[in-house]
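S.K.: Okay, predicted coordinates and the sequence, questions at the end:
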Amino acid sequence: MGALFEATDRLRPDPTDTNMHVEADDVMEIDSDSIWKVKGPKAPSAIDLNRRVEVLDAMGIEKQLVFPTTAIAAMMVGGMTDFGFEQRFGGDTSMLEGLSRPEFSKMFLRAYNDWAIENANLADGRIRLVGIIPTSDDVNDMIGEIKRLIDGGVKGVYLQADVPPGGVSPAHSVMDPLWRLLEENNVTATLHIGTEFFFLDPRWTFAETFQDLFQSPEIPNTNIGMFATCHMAIDNYLNALVLGGVFERFPRLRLGLFEVGGHWVGPAARRMDMYCEVFPGSAAAKYPMKPSEYVARNVRVSPFNFEPVHRYIQDDPNLVDVFCYSTDYPHVEGTKDSMNKMLAKVEPLGEEITAKFFRTNAEWLLP
C-alpha cells in the first residue's frame, strides 16, 4: 500500500505537508497548536494510536470512531474500474506482485480487520476502530465477517454505499439478519467517503476542466466534480433504508454518515416525506412515523467543517438531533482549528443546540 501511495505521488506530486508519502516518526509534541493546526502523517498520533488518548484529552474528546486511511484506499483499489484506477492511482500494479487488484484488496481488508480486533479495546473503549465489511452477493459472507468483528470486540462497521449489499436492496428481508445483528449488539453501522465514488462512472469527471486535483489520504487525485457528488451514493442508501422500512423494523439500529457533507440531509428528508404523500398506498406511507422522523431518531451525520451547519439546523429544526461535530483528525478535510470554527457557527443557536452538536447527538453512535 505504501508503494502504491508512492506511485500515486509520482503520478501527480503532492507538495503539501499532508502528503501521504513522507517520512514521519510520530514524535511531534502534543499541544494546542499541533492538534488543531497540523494535518497529515506528521500530526501527533497520526501513526501511533498509543498517543491518541493524550490527543483526545487535549481536544476535550471522550470517545471517537477511527476510520482507516489505507484500508479505505485498499477497498477502492479492489473495486474500481480499470479506468478509475488509472485516473486515481496511475494504473501501476507492479507492487501487487502478481495479485489481481480484487485479490489484493481482499487480503488487505482481512488483515486490517484482524488488526482492528487486536486493538478493539484501546483506551478502555475510548478509541473505537471501525471494521470494514466488503460487499458480497452472499449476505452470509457479510454477516460472517460482522460476527467475527463483534466477537472480537469491535463496536462499529463500515459498509460500502456503492454496491447493493447481498445483491439486493438494503431493505430486502434477506438483509434483516445483518441489521438485527448490529442492533442487538449495539454496533454502529457507518457509511463513509471513499468507495461511494464508484456509484458514478468516473468518466463523468474526465474533462480538461477537472484537472485541478485535490490530494487527500482517502481520496487521492480527486477533483471538485467528485467531491461535490460524493454524497449521492449515501443519499441513495439512506433512501432505501428509510423508505424500505429498515428503521421501522429495527428501531435501535444506529447509523452514522461520515465525511459526505450535511448539505443534502434536510432536502433528502423533505423529499422522502413528500413522496410518501404522493404515494399514499406505498408501504413507507403507512409506517407510523414520517421518513424525516426516522432520520432524526436513527441517523447521525458529520458535516464537513467548512459547511454552514447552523443554516441546516435553522432550515430543518426537526433534524437538530442529526448533525454531529467531527474532527476528522488528522486529515486535511477536517480543516485547521475546526472546533472553534464550528463553535462560532452553532453557539449563536443556543446552549442546548450547541451541546447536541458537540456531544449528545454523537452519544447515539458511541454507546
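M.R.: It's in. Keep in mind it's a predicted model, so treat the numbers as computed, not measured. Numbering: from 1, shown residues only.
S.K.: Please report phi then psi for the most centrally placed residue in the chain.
M.R.: For the chain, the residue nearest the mean C-alpha position is His192 (1.9 Å; C-alpha atoms, centre = their mean). Here the main-chain torsion angles of His192 (degrees, to the nearest 10) amount to phi -140, psi 150.
S.K.: Test my guess that it contacts Ala233.
M.R.: No. His192 lies out of contact with Ala233 (C-beta atoms under 8 Å); the separation is 10.8 Å. Heads up, the C-betas are built off the backbone N, CA and C, glycines and all.
S.K.: I'd like the distance between the residue nearest to the residue nearest to the centre of the chain when sequence neighbours are not counted and Leu159.
M.R.: Nearest residue to His192, sequence neighbours excluded (C-beta to C-beta, 6 or more residues apart in numbering): Phe258, at 4.5 Å. Relative to Leu159, Phe258 is positioned 12 Å away (C-beta to C-beta, to the nearest Å).
S.K.: what's the overlap in contacts for the two?
M.R.: Shared contacts of Phe258 and Leu159 (C-beta atoms under 8 Å, 6 or more residues apart in numbering): 190-191.
S.K.: quick check: longest strand of the protein.
M.R.: strand 127-133 (DSSP state E).
S.K.: List the beta-bridge partners for the residue nearest to His192.
M.R.: His192, Ser302 (DSSP bridges).
S.K.: neighbours of it, just the number please.
M.R.: When neighbours are defined as other C-beta atoms under 10 Å, Phe258 has 22 of them.
S.K.: Tell me if I'm right that it and Ser302 touch.
M.R.: Yes. Counting by C-beta under 8 Å, Phe258 touches Ser302, with 5.0 Å between them.
S.K.: Run through the stretch 201-350 of the chain and note the low-pLDDT ranges.
M.R.: Scanning the stretch 201-350 of the chain for pLDDT under 70 picks out 215-220.
S.K.: which residues in it form strands?
M.R.: Assigned strands in the stretch 201-350 of the chain, in chain order: 255-258, 299-302 (criterion: DSSP state E, counting those that start in this stretch).
S.K.: Please identify which of the ones you listed is closest to Leu319.
M.R.: Closest approach to Leu319 among these is made by strand 299-302 (8.7 Å; C-beta to C-beta).
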